[in-house]
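> just the structure for this:
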Amino acid sequence: MNIQLILFIVLAAVAAVTSVMMVTRKNAVISAVFLVLNFFSLAGLYLLLNAQFIAVVQVIVYAGAIMVLFLFVLMLLNTETEHKLFIDKKGIKFFAVLVSVFVFIELAYLIFRGSPSRTLTPNEIASVNSGTIQSIGQQLYTNYIIPFEVAGFLLLATTIGAMVLAKKKFE
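Sure thing, here's the model as predicted:
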């Protein structure tokens, strides 16, 4: 057993357990913490697939920015009264359990009845190598430098515009 297989098993187990824990927790903030842990384990799985750029984006965008926004919304909302909405609706819980069992059966079928994948063709190897940070950076700073700089100026202009609109009065 090599290190990649061990890492895959550990990261997949962490992703599966944290996803179940995220859905089953009653406290929304604790669920959000499990979601962050799930994002990190998914980033590790992306690294095992040689998709470094997607792994970095997963951590920066999802675990960083989106989760901070999500936690601020959770802190501002009163989530204590929301669990009372589903107390009298037993059909929703039954439907959720039914869908979960169906998805579990599908996954078990794929795991135990699926055939192993074949070796990669040269085109597939080139596709895997094109997703690295080095190749993306080389493309951005050689072939696509003008659109990259225009996008940067647009982001700068929107940031300045948001600051001007948010300012109450000019001094």
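
> going forward, measure contacts and count neighbours with C-alpha atoms only.
OK.

> which one's the longest helix in this structure?
Taking DSSP state H as the criterion, the chain has its longest helix at helix 90-113.

> following the chain onward from it, which element is next?
helix 122-129 (DSSP states H and E).

> now the longest helix of the chain: mean pLDDT?
The average pLDDT within helix 90-113 is 86.

> which strands and helices sit next to that helix?
The helices and strands touching helix 90-113, judged by 3 or more Cα pairs under 8 Å, 6 or more residues apart in numbering; DSSP states H and E, number zero.

> and that helix, how far out from the chain's middle?
22 Å (Cα atoms, centre = their mean, to the nearest Å).

> may I see the buried residues of that helix?
Of the residues in helix 90-113, none count as buried by neighbour count, 16 or more other Cα atoms under 10 Å.

> where does this structure have low pLDDT?
Residues of the chain meeting the criterion pLDDT under 70: 78-87, 116, 168-171.

> need the helices for it, in chain order.
Secondary structure of the chain (DSSP H): helices at 3-24, 28-48, 52-57, 67-76, 90-113, 122-129, 133-142, 145-166.

> looking at those, which is buried most?
helix 28-48 (a mean of 20; mean count of other Cα atoms under 10 Å).

> now the angle from that one to helix 3-24?
In terms of direction (axes from the mean of the first three to the mean of the last three Cα atoms, to 10 degrees), helix 28-48 departs from helix 3-24 by 160 degrees.

> and helix 28-48, what does it pack against?
Packed against helix 28-48 by the contact rule (3+ Cα pairs under 8 Å, 6+ apart) you find helix 3-24, helix 52-57, helix 67-76.

> I'd guessed residue 63 sits against residue 36; true?
Yes. Taking Cα atoms under 8 Å as the definition, residue 63 is a contact partner of residue 36 at 5.4 Å.
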